[in-house]
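Engineer: Have a look; sequence and predicted model below, questions after that.
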Amino acid sequence: MLSIRNLHAEVEGVEILKGIDLEIKAGEVHAIMGPNGSGKSTLAKVLAGHPSYEVTEGEIIYNGEDLLEMEPDERARRGVFMAFQYPVEIPGVSNSMLMREAYNEVRKEHGLDPLDPLEFEDYVADKLKLLDMDVRFMDRNVNAGFSGGEKKRNEILQMAVLNPRLALLDETDSGLDIDALRIVSEGINKLASGENAVMLVTHYQRILNYITPDFVHVLVRGRIHRSGGKELALELEEHGYDWITADTEVNGEAGS
Amino acid sequence: MKQRQRETPFLDRLLLSAGPAEPLHQKVEVLRQEARTFLTGRQLPTARDEEWKYCGLKSLEREDFVPAGQIAEKDMPLDLKSYIYPEAEHHHLTFINGVFSDRWSQTDRLPEGVIVANLADVLKQGHPEAVRYIGQYAQWEDDPFVSLNTAVFSGGAFIYVPDGVHIEEPVQLLFVNCGVKEGYFMAPRCLVIGGSSSSMTVVEDHIGLGDNTYLNCPVSEITLAENAHMTHVKLQRDSKKAFHISRLAANISRDSNYKSYSVQLGSLLSRSDVKAVLTDENTHATLDGLVMVNGNQLSDTHSVMDHTMPNCTSHQLHKCIIDGEGTSVFNGKIFVRQDAQKTDAFQENRNLQLSNTGTAYTKPQLEIFADDVSCSHGATIGQLNAEEMFYLKTRGLGAARTRELLTYGFAIDVIDSIPVRSIRERLSKEVKEFTSKSRSIKQYA
Ligand SMILES: Nc1ncnc2c1ncn2[C@@H]1O[C@H](COP(=O)(O)OP(=O)(O)OP(=O)(O)O)[C@@H](O)[C@H]1O
Ligand SMILES: [Mg+2]
């Protein structure tokens, strides 16, 4: 579904991603871990098409097409979804309005008729239930005045509404209380099945107890220093990142 | 003949063409005489005047206008019903091309003692309150436009709400302008008197149906007695070739609350000077505004919030959306006089520039003479927020739609605080129309 090859990206002239290679196939869950500032959000934003990040080298192929050629909204309509680490508040635009328009864009992409507000209300009711959210959230402006955890839950609600093929979840677990983490994780699990793939950025093993990753990648200073199975996350939890960087400094970084 | 006219200053030409106004009351005659004397030989302000720095009147000066009362189509057989807000069905006054229209006005179902009438009639009858307050508050130093209005006004609205009376439904003042060829000027005068512990909502609507040139020069005076509450919405959507120069003075007494929401959408040039004087303790004033300009429109708001006594609060959120080659000007003065301890004053002017050819000028001016006050003010000029745009795009919304939604979102908080539903709906429509017509919104990637 997604092939990232030798991806280099910079922001304001500073190179952040320094050669990322990553293959994500349908049905897989990939966890991206790594220290603060290592480039995890940058990777997600580059995939979503954030205009501040310039790709200087490498390619991203999504379902056989050059993702970098597409505008962010086109990527979204083709099934790429990003749940933000810090979701912004959108004044004056209600949650229901945004989600209905967003969903109708996806429907249009699939040649389906748009849903009117009432039909959409029905459609969204199940999704709200899935995430144990009050319907009143729909009338509020997008993320406006939402608590940190509510914002994260609202991101996954949007994911549930849009049913993306490739979900990029940037620290969705941070800020969620214990119950919310379980509910949101269950929601993600339901959506991640079958054709869909998930790239999940996280600092904690906790969420991986609910969402079992097929692969865990460790991103350090713009490179994937190590990839492994779910047990890698447990090792990281125990030993931190130092041993990984120390390891590669000897074997890899020294000459470059 | 034409040549000689041109040499005569603009204001003199207007006075000349207006001729002597119909006598209304002795006091008014005195005010008019003063105004005429003041205006005679006086030039329009120029960019050299600090208060008119960004608001050139050259294009106005070139025009020749006849008085609104003299043009032929006064009472056009239009269907004006659709311009009346449903909430104001039973009390509205209509002025067509500046002239009071009995036919399109209705003032039934008003509570006992309330007067909603043509000001000219009320003055002629010598209504003591009207006579007492006319000309008392609309005072701007060196300003020709109040004087112009005083010298020539032949009608306008008079609203009087006695002590303790509440009008639930809004009173609408509709100033509708038909697309006549001849350039004309109108100077409606409004006087609103709120008795103690009274409440009312007044909606002032200025509409241009055509794209003709005219000068609309309204002056409003408002006085609120103790514990009076008034919500005042003004919606200016005059013709895109019109000049709209207005003056509004509000005198607010102890415990009373005046909330003004002013929306400027129309006119080639609009200038509104607003003055709220908080004359006693525990008073609140709101002067919120929304301005939208495109093409080569210019809209200039000069406001004065005058805190004279302790324990008063004021709120001023003024938002401008600038598109095309448009210009917005905001000059917001807040005075906190020496006695006005514990004043809490808020002022914010936010300018959203959609095009890179538009211009915004903003000048908050705080003059504080008391020491125990809380005043916050801020002014920003900026484009749509890039992170918000990115967020919406990642939800599959196209670039144009994204800008449209965020522009709407920028305007909406001013609109949302207006307490009349159909006005909010009307304004939402106006904003959507503005954004849907915006070339900047459509074009940029
Ligand atoms: N707009 C920007 N301007 C300058 N530097 C930036 C910008 N955006 C990101 N960076 C830098 O890029 C680096 C990677 O940031 P990124 O947000 O991708 O880290 P992260 O791995 O997601 O970290 P965290 O775990 O703290 O979320 C950081 O050093 C950050 O300061
Ligand atoms: Mg991050």
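Structural biologist: That came through, no problem. Numbering: from 1, shown residues only, chains lettered A, B, ... in the order given. Ligands and ions are numbered 1, 2, ... in the order given.

Engineer: Close to chain A: what parts of the stretch 301-445 of chain B are there?
Structural biologist: B:385-388, B:390-399, B:401-402, B:405-406, B:408-413 (Cβ under 8 Å from any Cβ of the partner chain). For the C-beta atoms, the positions are set from N, CA and C on the backbone; glycine is no exception.

Engineer: Try it again at 7 Å.
Structural biologist: Within the stretch 301-445 of chain B, the positions near chain A by Cβ under 7 Å from any Cβ of the partner chain are B:387-388, B:390-399, B:405, B:408-410, B:412-413.

Engineer: What residue, apart from its backbone neighbours, is nearest residue B:296 spatially?
Structural biologist: Excluding its sequence neighbours, the residue lying closest to residue B:296 (Cβ to Cβ, 6 or more residues apart in numbering or on different chains) is residue B:325, at 4.8 Å.

Engineer: what about the helices in chain B?
Structural biologist: Remark: helices assigned in chain B by DSSP state H are B:2-7, B:10-18, B:26-39, B:58-61, B:119-124, B:128-133, B:144-152, B:386-393, B:399-416, B:421-437, B:439-443.

Engineer: Give the burial count for whatever residue of the stretch 151-300 of chain B ends up closest to chain A, as a bare number.
Structural biologist: Using Cβ to the nearest Cβ, residue B:290 is the residue of the stretch 151-300 of chain B that sits closest to chain A, at 12.2 Å. As a burial measure, residue B:290 scores 25 neighbours (other Cβ atoms under 10 Å in any protein chain shown).

Engineer: what's the distance between the closest residue to chain B within the stretch 51-200 of chain A and residue A:98?
Structural biologist: Minimum separation of the stretch 51-200 of chain A from chain B (Cβ to the nearest Cβ) falls at residue A:92, amounting to 2.7 Å. To residue A:98, residue A:92 is 11 Å away according to Cβ to Cβ, to the nearest Å.

Engineer: Mind checking which of those two has more residues around it?
Structural biologist: Taking neighbours as other Cβ under 10 Å, residue A:92 and residue A:98 compare with residue A:98 leading, 23 against 20.

Engineer: Please list all residues in contact with the more buried one.
Structural biologist: Residues near residue A:98 by Cβ atoms under 7 Å, 6 or more residues apart in numbering or on different chains: A:142, B:395.

Engineer: Go again with 10 Å.
Structural biologist: A:90, A:138, A:141-143, A:158, A:161, B:391-392, B:395-397, B:405 (Cβ atoms under 10 Å, 6 or more residues apart in numbering or on different chains).

Engineer: All the strands of chain A, in order from the start?
Structural biologist: Per DSSP state E, chain A carries strands over the ranges A:2-11, A:14-24, A:29-33, A:53-62, A:65-66, A:80-83, A:166-170, A:197-201, A:215-220, A:223-228.

Engineer: So the last one, near ligand 1 or not?
Structural biologist: No. With Cβ under 6 Å from any ligand atom as the measure, strand A:223-228 is seen stopping short of ligand 1, the closest distance being 11.9 Å.

Engineer: name the helices or strands packed onto that strand?
Structural biologist: strand A:14-24, strand A:29-33, strand A:215-220, helix A:231-239, helix A:242-251 (3 or more Cβ pairs under 10 Å, 6 or more residues apart in numbering or on different chains; DSSP states H and E).

Engineer: hmm, 8 Å instead?
Structural biologist: strand A:14-24, strand A:215-220, helix A:242-251 (3 or more Cβ pairs under 8 Å, 6 or more residues apart in numbering or on different chains; DSSP states H and E).

Engineer: Is the first one positioned near ligand 2?
Structural biologist: No. Legend: contact between strand A:14-24 and ligand 2 by Cβ under 5 Å from the ion is lacking; minimum distance shown is 11.1 Å.

Engineer: who's in contact with that strand?
Structural biologist: A:1-10, A:30, A:39, A:42-43, A:46, A:53, A:56-58, A:166, A:197, A:199, A:217, A:219, A:221-224 (Cβ atoms under 8 Å, 6 or more residues apart in numbering or on different chains).
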